[in-house]
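Colleague: Attaching a predicted model along with its sequence, questions to come.
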Amino acid sequence: MIKKISIPENNAVEQKNWDVIIIGGGITGAGIFYKLAARGYQVLLVDQNDFAFGTSSRSSKMVHGGLRYIANGQFNVTYESVREREHLQKEYPDLIRPMQFLLPVYEHYKFGASLFRLGIELYDLFGSKWKHGTYTGAQIEKRFNILNQTGLKSVLYYYDAEVDDARLVYRVISEGIHHGGSALNYKKCIGLMRDPSGKVNGIQLKDEITGKEEELYAKAVVNATGPWTDDIRSQVVPEKVIRKLRGSHILFNRERVPVNQAFTLFHPDDGRALFVVPWQGMTMVGTTDLDHPAAYEREKPEPFITLQEEEYLLRAADFLFPGQHVEKQDIVSSFAGLRPIVSMGEMAPSKASRTHKIFMDENLFSIAGGKLTTFRIMAEDLIQKILPLLPENNIEKQKKETVQKEDSPLIEDTRQYHRLSGIYGSSLQEFLSELQPEELKTLANTSFTLSEIRWTVRHEMVRHLSDLMLRRTRLGLLVQNGGKQLLDTIKPIVIQEKNWSEEKWEQEVIDYLKVWKNCYSIPSK
Ligand code: FAD
């Protein structure tokens with residue numbers, strides 16, 4: 001039975017005492033939330049902004065073993081990741097899909113390619129075998145004539161998987177809600193509550209929309225705020241442990257950079273590994289790996305790509321696909337995210353460890369680092385630490401409702417059906433039952449439909465237009481000018497479902513286009 005999410009008029013949290021309160025609705029918080037709810041605990045998750053607002057909507061969209069980590073000797077990260085890739089692909093088959101990766105090997109590459117080759121072999125040892133091999137000789141030019149052919153010796157191929165990261169977060173959260181958990185966005189933790197002995201036993205919460213503040217209590221408080229970990233933790237211990245490393249991506253229309261497989265390359269300037277990934281009908285190039293100064297956080301409300309990063313990524317694309325002559329004006333959108341790396345001193349950014357770490361300070365449990373791919377392992381690790389504080393009589397519920405998938409006579413396109421099944425999971429049947437056939441038309445160059453706009457605005461806690469354009473759908477990344485041309489088309493649905501006035505809509509449009517221009521477009525000189 002699907003539990004519908006309804007937000008009370010004043011959006012107050014009616015229940016004041018919880019087993020666990022989780023601060024942060026990225027993939028880390030979502031995973032912990034789902035697992036605790038499935039075990040029958042009273043669990044509340046809050047996010048100061050939208051779910052997946054942080055790093056979890058700004059990743060390279062790969063569920064992967066992390067070949068790059070082998071080059072840095074982080075075998076444990078790859079070991080965990082390969083196994084998780086396996087598991088997640090089985091659990092979310094329509095959302096996490098295998099993707100072929102190609103690694104063109106050029107004469108000037110030194111060790112990079114051989115380390116990757118070793119990594120691909122290790123994948124087989126760590127998990128079940130996914131196909132891999134090498135294309136050589138005449139095969140290469142015939143199959144991959146888009147590639148720079150100068151000095152190209154061979155092309156390795158292997159498989160990893162791709163995902164819509166923000167939709168994964170929302171799916172995990174909604175499954176937690178179906179198990180009885182409560183999750184609210186735009187609720188900021190502004191302080192920690194302490195008992196007389198100094199132990200953390202709750203949070204002060206501020207509603208970012210109404211401004212209302214309240215106090216909530218829990219047996220354990222989890223700090224899963226990714227790049228913001230230190231902000232919460234420093235209320236208990238002064239030590240700072242997070243190094244914010246920015247990674248940026250640029251997106252092209254697929255016609256401009258026509259690739260059907262993902263590519264791994266070593267940047268011609270510095271030899272760093274990068275990816276070109278076909279994603280949602282676009283071609284995405286990334287990523288960078290740079291310290292994110294505090295001044296940038298003061299400058300704009302979200303991380304953003306710099307001119308230097310944009311040029312660096314364009315040079316990578318131009319090196320790999322010289323015949324395409326890609327230029328700045330071909331870039332449709334960009335996005336930047338902050339890796340919440342647990343600090344390893346002054347180490348080169350790409351070498352900093354990607355493993356997660358848990359800090360236990362006066363019953364505040366902070367968890368940071370790790371990857372999207374390893375979220376289940378991180379959640380289990382954290383839960384083992386808080387179990388001693390929780391009642392013992394909870395039994396793990398049935399893993400997941402088995403969803404009886406029935407084909408929809410309305411959706412004849414099998415690919416579209418599977419895409420929707422990946423997005424909605426156990427809510428798919430309900431989505432189909434509310435579907436209005438005239439709203440199945442796809443929007444611009446994307447696979448998103450008006451029916452998804454209606455569903456998400458009605459059921460998925462969309463509070464602002466940016467939630468809808470950047471995270472519940474990815475229209476803001478996939479369509480020129482942040483999808484400005486689509487706003488008149490979606491407006492009637494949004495204002496009807498949300499009961500927004502004309503003025504409210506106009507303000508939302510202004511706010512959304514401003515954030516898009518500042519943080520998702522291309523910097524001008
Ligand atoms: P976040 O997603 O940042 O979530 C933290 C949340 O806490 C935010 O939503 C924020 O709003 C909320 N919050 C903060 N303060 C408060 C407060 N006071 N009150 C309430 N809420 C608060 N991993 C992969 O597996 N595959 C990849 O391809 C991949 N690519 C990446 C590429 C880049 C460029 C980057 C930066 C990372 C990549 N990663 C990848 C790593 C992965 O994306 C991150 O490890 C993961 O998303 C971190 O999730 P999180 O939940 O810990 O943090």
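Modeller: Happy to help now that I have it.

Colleague: pLDDT (mean, whole number) over the host helix or strand of Val221?
Modeller: Taking DSSP states H and E as the criterion, Val221 maps to strand 213-223. Throughout strand 213-223, pLDDT has a mean value of 97.

Colleague: Next: stretch 474-485.
Modeller: Taken as a whole, stretch 474-485 carries a mean pLDDT of 98.

Colleague: and what of stretch 226-241?
Modeller: 96.

Colleague: same deal with stretch 83-103?
Modeller: According to the model, stretch 83-103 has a mean pLDDT of 94.

Colleague: Stretch 367-382 too?
Modeller: Mean predicted lDDT for stretch 367-382 stands at 96.

Colleague: Next, the distance between the ends of it.
Modeller: Length of stretch 367-382, first residue to last, C-alpha to C-alpha, to the nearest Å: 7 Å.

Colleague: Pull out the buried positions in that stretch.
Modeller: Burial within stretch 367-382, assessed by neighbour count using 16 or more other C-beta atoms under 10 Å, is assigned to 367-379, 381-382. (Each C-beta comes from the backbone N, C-alpha and C, glycine too.)

Colleague: ok so, going back, got the CA positions of the strand holding Val221 in CSV?
Modeller: Extracted as CSV, the C-alpha positions of strand 213-223 are listed here (Å, rounded to 0.1, in the frame of the first residue of the first chain):
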residue,chain,number,x,y,z
GLU,A,213,11.3,27.1,14.7
GLU,A,214,10.8,24.0,16.8
GLU,A,215,12.6,21.6,19.0
LEU,A,216,12.6,17.8,18.3
TYR,A,217,14.2,15.0,20.3
ALA,A,218,15.8,11.7,19.4
LYS,A,219,17.7,8.8,20.9
ALA,A,220,20.3,9.3,18.2
VAL,A,221,21.0,12.2,15.9
VAL,A,222,22.8,11.6,12.6
ASN,A,223,24.7,14.3,10.8
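
Colleague: what comes up buried for that strand?
Modeller: Result for strand 213-223 [16+ other C-beta under 10 Å]: buried residues 216, 218-223.

Colleague: Quick check: can you name the pairing partners of that strand and their directions?
Modeller: Paired neighbours of strand 213-223 in the sheet (DSSP bridges): strand 17-23 (parallel), strand 200-207 (antiparallel), strand 364-368 (parallel).

Colleague: Select, out of these, the one closest to the ligand.
Modeller: The ligand sits nearest to strand 17-23 of all these, at 4.7 Å, using C-beta to the nearest ligand atom.

Colleague: elements contacting whichever helix or strand comes after the closest one?
Modeller: Moving toward the C-terminus from strand 17-23, the next helix or strand (DSSP H and E) is helix 27-38. If contacts are counted by 3 or more C-beta pairs under 8 Å, 6 or more residues apart in numbering; DSSP states H and E, helix 27-38 sits against strand 17-23, strand 43-46, helix 165-178, strand 364-368, helix 375-386.

Colleague: Contacts for the fourth one next, please.
Modeller: This points to strand 364-368. With C-beta atoms under 8 Å, 6 or more residues apart in numbering as the test, strand 364-368 has contacts from 28, 32, 192, 200, 220-224, 226, 229, 232-233, 236, 241-242, 340, 342, 356-359, 378, 381-382, 385-386.
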